[in-house]
Every structure is written in structure tokens, then in C-alpha cells.
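Colleague: The following comprises the amino acid sequence and a computationally predicted model.
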Amino acid sequence: MLTVDHVSHVYQVASDHAVEALRSVRLAVRENEFVCLVGPSGCGKSTLLRIISGLLAPTRGQVVINREVVSGPHPNVGQVFQNANLMPWRTVLENVTLPLELAGISRDQREEAAHRMIRLVGLHGFANRLPAQLSGGMAQRVAIARALMQSPDLLLLDEPFGALDALTRETLGEELLRIWRLRSSTVLMVTHSISEAVLLADRIAVMSPRPGHIREIVMVDLPRPRSLDMIHTRRAGELTRAVRAAIRGEDQ
Amino acid sequence: MALTANQQRVSRRRSTWHISRVAWPIAAFVIFLLAWEALIRIGDYPAFILPGPVAVAQKFVRVFADGTLLRHTGVTFIEVTGGLASGFTLATVTGYAIAKSPTLERILTPYIVASQAVPVVAIAPLLIIWFGTGITSKILISALIVFFPVLVTTITGVRSVPQELYDLMRSMQATPWQIFTRLEVPASMPVLMAGLKVGATLSVIGAVVGEFTGADAGLGFMINLADGLFDTARVFVGVFTLIAMALLLYGAVALLERRVLAWQRPTD
């Protein structure tokens, strides 16, 4: 479904100074798979996500989604950014309808679709609120609803729960699994939390420090549907240790 | 029931808040008038130096009744609104272009700064020579004085649009026009409104400076003429009318701002 084919990226910071962010990253994600990307900060996870979403052109290599080479932003890809990234002057409903508004869908149609999506993410009754009136967790739900509006085949999540407190983070993780089950799409999610990755993912891709590349892929063989309690099982503990060891890696 | 009681309390608090909002400025104005009258009585100043509030009020009625005041006010109002509208439009268009193009910024900045380094009072005679003593030269002077602050706020406003929102718009395949209308315009609106407020008061100054330099109508012309005739009460009428006009304009912009930026004050 998604193939990242030897993608490298170099940021030209100044004429005589370049930073190699990614070095020959290879990753394949199957249809309806949930893959988490973990790694130390500054390893180029966000850069990789920007390249996959078409916001950034890689220095070398290519990204293929559904047998199509990515050359720019694509309606097949939905994105949730680090902070909810809502437009403060738009209500929840207007934020969620934005993708369809840009695509030229009629108001009635897009609002009907948005109301359904708002209900799906558990924000029924909040359609007319402004972002300033929402908690961080609610804002992130709006962002997820917005990303799902164009029915993307691939959902890219860049540390979507990074700014939230631990409790909200756990509930939203479970919510995300529920939504993913209902909407069956492919998910690639960057996260800092190993336990979150173990709880959510089918596979965890571990990245090395800069220049980032995929150092190891850990299969998460916990049964589905998953629940928060599973994080305490012996198998989850083993997987968490395995991922942590992979992050610390050969460099130690 | 609890909710209704609460709502009543809220509405009562709102209404008292409204009364005090109007009452205090009125009280302050009355005190100002009384102090003014007292000053006249104690100091015993001749009317051509400082006329009392009663004399000014009588003069106001007279110039209002014979149509002089309305005619001059009308001319100044056209100059002020014309200057504000054209200065604001030009400044926002230029500001947007500069914010988007560093090259353009490098080319234009010296000229813009130069135009600001020279006081408007010094340029005004030139504009009167080129465009005559009529309304056009006043509109230009007013526009000139409005231009710079609005330009600076526009540049700040457009540059303050968060990069993440640009990324968001691009990830949704927004066209450049959609990015302009759906993101850049609303996102820079708060800063733009602040610029319009500053511009609204400056536009009055610009028009009056122009009228003082050379004109055959307008409140500035009326004040200048009355001053030459030692008709100080008429000067006061002109000044107060100018103040009223500035307040009205500022109020209109503030009202517009409340409407446009309603999202900044969400009501629960």
C-alpha cells in the first residue's frame, strides 16, 4: 500500500552547512496495517512523514502510495499534526468541513458528512464550539475527524497525542483503535511513547538517531481487539523491552 | 430553575455594566464642562482667548443653523473617509506583496522609510500645488499618513500566519487563492483591524493638515479662517466637530472589529 523506497533527505541549512536528516529509509506498510514509528528526538521522523505526505520532496529515493509515486499532497492521505492545528476563527464544524469545502463539495453535503464524523470521534453536541473552548484532547479529536473527511486510504499521525496529559492520551489511543476498526484505513503514526506504540501498532518501526534510518522492525503479536489492560501482560512487557533495546541500539 | 436564576443574575450584571459604561463617561464630560466654565469665571478671560462652554454652544447653534458647519464637515468627512479607504487599501495590497516577496521588500523599503522620514506637513504644500486646493489633495495627504502604520501591521499580520496552517492547507491540496481567502485573510485579521484603528484616527489628522496648508472648504479651513478673525468660539466648534468625527470613525472601526473578530471572544 505504502512503500518508502530508499528515501534520503538533506537539509541545506546554509550554503556551506547541510544536515543529513534521513539516510536511505526503507519501509513497506500493508493495506489496513497500523504501523508506529518510534525513535530518539531529532531522528527525522517528522521529516519522513512530511515526505510521505508530499509536503516535502526527498533529496533521493521515492514514496509510492497505491502504486503511485508521491509528487505532492494527495487526497488519499489524511494528516494529523503535532498540535491539533485548528483554525481558531472556525467552529468545530467549520474546521471539520474544511477539506470538503476546499474540494468544492456543497455545503449541505459537507456538513452532513462532518456531523457524522464529529459523532464518530465522540464530539456530538460540540459542533458549534470554537477551538478556544475545547480541551487539548477534544481539539485533537477534531483534528482526527478533519483528517478522515476525505476518506483517505492512508492516515499519517505525527505525535498526535504528544501534547496531552497521560490519562487523555490513553483514552484517545483507545478511541483511535475504535475509529481505525470502524473506518479500516492504513495508519502510520509517529510517537514518543513506546507503550503507546505497543498498544496500538501491528508493527513498530524503530529509527536510529540522525541521519535517521529504520534500524529494526518489531512485530506486535498482541491479539486484537486491544484494551488498555494489555499493556500489563507479560508479552507486552517483552515487546516494550525489545523496542527500548532497539532504540538504544548498536550505538551504545 | 437553578439555571434560570443564574441567567437572571448574569443578565442583571450585564445591564448594570451597561449603565456604568455610559454613565461614567457622561459624568466625566459634565465635570469637564463645569471646570471649564469655572475657569472662565475665576480667570475672567476675554472671549477671543478662551470662550466659555455656553458661548461655544451658542456659536455651534449658529453655524449649524446657517449650514456652514454641515458643509465644512461634509467636505472633511469625504476627505477623511476617502483618505482612509485609499490609504488602507494601498497599504494592505503593498503590505501583502512585501510580506510574500523578500525581493520586493528590499526594493521598496528605502522608499517607504524615506516617505516616512519626511513629515507630512512638508509634503503637503507639494501635493496642493500638484493636485489643487480641492478634495483630491486632502485625500492624498490623508492616505499618505494612513499608509505606513497599516503597511507595517499588514506585513506583521501576514507573516504571523503559522507555518503549520500552511502545511495543513497544502496537505488538503488548497489552491493559492484558497490559501489566501481561507487562511491568510482571516489569520491576519486581528493585526489588520489594529492597523485600521490607528489609520482611522490618523486619517483625520491628514485631512486637517491638508486643509491648513491650502483649501477653500473643510473643518480645517473653517478653523484657520476663524482663527484669523479672532472668532475663537468658532475655532472651538471646529475642533469639537473634528473630535466627534474621529470618535465616530474609531467607534465604527471598533464595531467592525467586534463583528469580524467575534471568534476571539467566545461566549459560553
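Modeller: Done, it's in. Residues are numbered from 1 along each chain as shown, chains lettered A, B, ... in the order given.
Colleague: Quick check: residues of chain A near chain B?
Modeller: A:50, A:53-55, A:72-75, A:77, A:79, A:81-83, A:85, A:87-90, A:98-99, A:101-103, A:129-130, A:132-133, A:150 (C-beta under 8 Å from any C-beta of the partner chain). The way it works is simple: take the backbone N, C-alpha and C, and place the C-beta from them, glycine included.
Colleague: out of those residues, which are inside strands?
Modeller: Counted as lying in strands by DSSP state E, out of the residues of chain A next to chain B, are A:77, A:79.
Colleague: now the stretch 151-252 of chain A, which segments are flagged as low pLDDT?
Modeller: A:250-252 (pLDDT under 70).
Colleague: For chain B, what's the nearest residue on it?
Modeller: Residue nearest to chain B within the stretch 151-252 of chain A: residue A:156 (8.7 Å; C-beta to the nearest C-beta).
Colleague: can you check the stretch 101-250 of chain A too?
Modeller: Counting by C-beta to the nearest C-beta, the stretch 101-250 of chain A gets nearest chain B through residue A:130, at 4.5 Å.
Colleague: hang on, that residue packs against residue B:265?
Modeller: No - Residue A:130 is beyond contact range of residue B:265, at 9.6 Å (criterion: C-beta atoms under 8 Å).
Colleague: Give me the more crowded residue out of the two.
Modeller: Ranked by neighbour count (other C-beta atoms under 10 Å in any protein chain shown), residue A:130 and residue B:265 place residue A:130 first, with 21 against 9.
Colleague: what about the closest residue to the more buried one other than its chain neighbours, helix or strand, and which?
Modeller: Nearest in space to residue A:130, with sequence neighbours left out and distances taken as C-beta to C-beta, 6 or more residues apart in numbering or on different chains, is residue B:266 at 4.5 Å. In the assignment (DSSP states H and E), residue B:266 maps to no helix and no strand.
Colleague: For residue B:266, list the residues it contacts.
Modeller: The contact partners of residue B:266, by C-beta atoms under 8 Å, 6 or more residues apart in numbering or on different chains, come to A:129-130, A:132-133.
Colleague: do you know how far it is from residue A:129?
Modeller: As judged by C-beta to C-beta, to the nearest Å, residue B:266 and residue A:129 stand 8 Å apart.
Colleague: And for residue A:139?
Modeller: From residue A:139 to residue A:129 the distance is 10 Å (C-beta to C-beta).
Colleague: higher neighbour count, the two?
Modeller: Ranked by neighbour count (other C-beta under 10 Å), residue A:139 and residue A:129 place residue A:139 first, with 21 against 17.
Colleague: Which element is encountered next along the chain beyond the host helix or strand of the more buried one?
Modeller: Applying DSSP H and E as the criterion places residue A:139 in helix A:136-148. Moving toward the C-terminus from helix A:136-148, the next helix or strand (DSSP H and E) is strand A:154-158.
Colleague: list the helices and strands that next one packs on?
Modeller: Applying 3 or more C-beta pairs under 8 Å, 6 or more residues apart in numbering or on different chains; DSSP states H and E, we find strand A:154-158 packed against helix A:45-53, strand A:77-80, strand A:186-190.
Colleague: Who are the packing partners of the second one?
Modeller: Using 3+ C-beta pairs under 8 Å, 6+ apart as the contact test, the elements touching strand A:77-80 are helix A:45-53, helix A:136-148, strand A:154-158, helix B:163-171.
Colleague: repeat that with 6 Å
Modeller: Helices and strands touching strand A:77-80, by 3 or more C-beta pairs under 6 Å, 6 or more residues apart in numbering or on different chains; DSSP states H and E, are helix A:136-148, strand A:154-158.
Colleague: check contacts around the nearest residue to residue B:100 once chain neighbours are set aside.
Modeller: The shortest distance from residue B:100 to any residue other than its chain neighbours is 7.1 Å, reached at residue B:158 (C-beta to C-beta, 6+ apart). Neighbour list for residue B:158: B:96, B:99, B:188 [criterion: C-beta atoms under 6 Å, 6 or more residues apart in numbering or on different chains].
Colleague: In chain B, what residue spans correspond to helices?
Modeller: B:2-43, B:53-65, B:68-100, B:102-117, B:120-131, B:135-159, B:163-171, B:176-178, B:185-213, B:219-228, B:232-260 (DSSP state H).
Colleague: okay if I get those helices as CSV plus mean pLDDT?
Modeller: As requested, these are exported to CSV (pLDDT from 0 to 100):
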stretch, mean pLDDT
helix B:2-43, 72
helix B:53-65, 91
helix B:68-100, 94
helix B:102-117, 87
helix B:120-131, 90
helix B:135-159, 92
helix B:163-171, 92
helix B:176-178, 95
helix B:185-213, 92
helix B:219-228, 92
helix B:232-260, 93
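Colleague: closest to residue A:205 out of those?
Modeller: helix B:163-171 (21.6 Å; C-beta to C-beta).
Colleague: For that closest one, list every residue counted as buried.
Modeller: Of all the residues in helix B:163-171, those buried under the rule 16 or more other C-beta atoms under 10 Å in any protein chain shown are B:165-171.
Colleague: what do you get for stretch A:166-179?
Modeller: A:168-170, A:172-173, A:175-177, A:179.
Colleague: So which of those are in helices?
Modeller: Counting by DSSP H, the part of the buried residues of stretch A:166-179 found in helices is A:168-170, A:172-173, A:175-177, A:179.
Colleague: State the distance from residue B:235 to residue B:153.
Modeller: According to C-beta to C-beta, residue B:235 and residue B:153 sit 34 Å apart.
Colleague: Which one's more surrounded, these two?
Modeller: Between residue B:235 and residue B:153, counted using other C-beta under 10 Å, residue B:153 has the larger neighbour count: 24 against 21.
Colleague: Once you drop chain neighbours, what's closest to the more buried one?
Modeller: Per C-beta to C-beta, 6+ apart, closest to residue B:153 is residue B:195, 3.2 Å.
Colleague: again, but for residue A:32
Modeller: residue A:184 (5.2 Å).
Colleague: Thought residue A:31 was touching that neighbour, still the case?
Modeller: No - using C-beta atoms under 6 Å, residue A:184 makes no contact with residue A:31, being 8.9 Å away.
Colleague: gap between the two ends of stretch B:203-221?
Modeller: 16 Å (C-alpha to C-alpha, to the nearest Å).
Colleague: My reading is that residue A:205 lies in a helix. Confirm?
Modeller: No - according to DSSP: H, G, I helix; E, B strand; the rest coil, residue A:205 belongs to no helix; its state is strand.
Colleague: so what's it up against?
Modeller: A:27, A:37, A:214, A:217.
Colleague: ok, of those residues, which come out buried?
Modeller: Neighbour counting with 16+ other C-beta under 10 Å marks A:27, A:37, A:214 as buried within those.
Colleague: Now do the same contact list for the residue positioned nearest the centre of chain A.
Modeller: By C-alpha atoms, centre = their mean, chain A has its centre lying nearest to residue A:157, at 1.4 Å. By C-beta under 6 Å, 6+ apart, residue A:157 lies in contact with A:80, A:189.
Colleague: quick revisit: neighbours around the residue nearest to residue A:32, how many?
Modeller: Counted with other C-beta under 10 Å, residue A:184 comes out at 10.
Colleague: And the closest residue to residue A:185 other than its chain neighbours, how close does it get to residue A:27?
Modeller: Leaving out its chain neighbours, the residue that sits closest to residue A:185 by C-beta to C-beta, 6+ apart is residue A:155, at 5.3 Å. Residue A:155 sits 15 Å away from residue A:27, going by C-beta to C-beta.
Colleague: before we move on, the earlier item: can I get the contacts of residue B:158 in a markdown table with neighbour count and distance to residue B:144?
Modeller: Output for the contacts of residue B:158, formatted as a markdown table (neighbours: other C-beta atoms under 10 Å in any protein chain shown; distance: C-beta to C-beta, whole Å):
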| residue | neighbour count | distance to residue B:144 |
| --- | --- | --- |
| B:96 | 19 | 19 |
| B:99 | 21 | 21 |
| B:188 | 24 | 23 |
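Colleague: Going by distance to chain A, which of those residues wins?
Modeller: Nearest member of the contacts of residue B:158 to chain A, counting by C-beta to the nearest C-beta, is residue B:188, at 11.0 Å.
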